[in-house]
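Trainee: Give the three-dimensional model of this entry:
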Amino acid sequence: MRCTLPALTIVLLSACTANLPDIDSTISKSARNADYPALQPLPDLIARSEAGSTIVVQTEILEGRVARLKARARALKGRSIIDGATRLRLLNAVKDRPV
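Mentor: Okay, the predicted model is just below:
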């Protein structure tokens, strides 16, 4: 019994690695022969990242839009969207409706 558990574990683990894909064939020859990318100085990268990235700009645009929409909603709150004559006509139509 002591020998069967380690043997079973080895057999099960070896079954997991039977069909590994060939990764080496997925890299093109030009990519293999290409030079390493040029390293950039870290202070320059930090300065560029803090200089108004597109995410920051888009966030500011969206925040402005949200603020304008909320102000518009506050202005419309409590206001009637139909005029008095239309409201009266609707109320009369509801009263005259058979139940």
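
Trainee: and the longest helix anywhere in the chain, what's its mean pLDDT?
Mentor: Across the chain, the longest stretch assigned as helix under DSSP state H is helix 54-76. Helix 54-76 shows a mean pLDDT of 90.

Trainee: Then stretch 92-99?
Mentor: On average, stretch 92-99 scores 80.

Trainee: Offset the numbering so it begins at 680, please.
Mentor: Done: numbering now begins at 680, and the last item shifts to stretch 771-778.

Trainee: Dump it to CSV, keeping only the CA atoms.
Mentor: What follows is stretch 771-778 as a C-alpha-only set of coordinates in CSV (Å, rounded to 0.1, in the frame of the first residue of the first chain):
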residue,chain,number,x,y,z
ASN,A,771,-60.4,64.3,-17.9
ALA,A,772,-59.6,61.3,-20.1
VAL,A,773,-58.8,59.2,-17.0
LYS,A,774,-62.0,60.3,-15.2
ASP,A,775,-64.2,59.5,-18.2
ARG,A,776,-62.6,56.1,-18.7
PRO,A,777,-65.0,53.2,-17.8
VAL,A,778,-63.7,50.9,-15.1
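
Trainee: Spell out for me which residue occupies the centre of this structure.
Mentor: Ile734 (12.4 Å; Cα atoms, centre = their mean).

Trainee: so who does that residue touch?
Mentor: Under the criterion of Cβ atoms under 8 Å, 6 or more residues apart in numbering, Ile734 has no neighbours. The C-beta positions use only the backbone N, C-alpha and C, and glycine is treated the same way.

Trainee: one more time with 10 Å
Mentor: Taking Cβ atoms under 10 Å, 6 or more residues apart in numbering, we find Ile734 in contact with Ser728.
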